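# Need coordinates for the following:
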Amino acid sequence: AFLTPPLGVAPPPLGVQPPGANGGGGPGGGEEERLNDLAAKLIAFYQERNPAGVAHVARVVRDFGHNVGGLNELLRGKYGADLGTVCLSTSSEVPAPAAAAAAAAAAGGGGAPRGGPF
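Okay, the predicted model is just below:
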């Protein structure tokens, strides 16, 4: 099954966040950093639980970057764990360029293969 928003609920356009979606993380947003962090956690999560899912990180970040709570709920349903269980090591278990590439692809939209980790 593919991870999608509930029927009738479309994700907001890229660059548009619902009120309070920045998680209270300081002034100025930090949207790119937040999406990079999400991509790094997803890569680590999928490397451990479903390596084929790594190929879909950019699309998951694009579709759920504004709704990490909903993403975690779906991950718990599928894998019995969520992104809160991910521990990124300081030895770069997930290379920063991979996370940045996934986030950049998410910001650019398109290009992600169809199908998905769910």
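
# Please identify the helix or strand for residue 58.
Using DSSP states H and E, residue 58 falls within helix 57-64.

# Tell me the helices and strands packed up against that helix.
When contacts are defined as 3 or more CB pairs under 8 Å, 6 or more residues apart in numbering; DSSP states H and E, helix 57-64 sits against helix 31-49, helix 68-79, helix 96-108. In this view, the C-beta of every residue, glycine as well, is placed from N, C-alpha and C.

# now these in CSV, with mean pLDDT, mean neighbour count and distance to residue 59?
Formatted as CSV, the helices and strands packed on helix 57-64 follow (pLDDT from 0 to 100; neighbours: other CB atoms under 10 Å; distance: least, CB to CB, whole Å):
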stretch, mean pLDDT, mean neighbour count, distance to residue 59
helix 31-49, 94, 19, 10
helix 68-79, 96, 16, 12
helix 96-108, 56, 18, 7
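
# so which of the ones you listed comes closest to residue 62?
Nearest to residue 62, of all these, is helix 96-108, at 4.0 Å by CB to CB.

# hmm, back to that, what about dumping the CA coordinates of the helix holding residue 58 to CSV?
Taking Å, rounded to 0.1, in the frame of the first residue of the first chain, the C-alpha atoms of helix 57-64 are listed here in CSV:
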residue,chain,number,x,y,z
VAL,A,57,12.3,9.5,0.5
ALA,A,58,12.1,12.6,-1.7
ARG,A,59,8.4,12.0,-2.4
VAL,A,60,7.6,11.2,1.2
VAL,A,61,9.3,14.4,2.3
ARG,A,62,7.4,16.4,-0.3
ASP,A,63,4.0,14.9,0.6
PHE,A,64,4.4,14.8,4.4
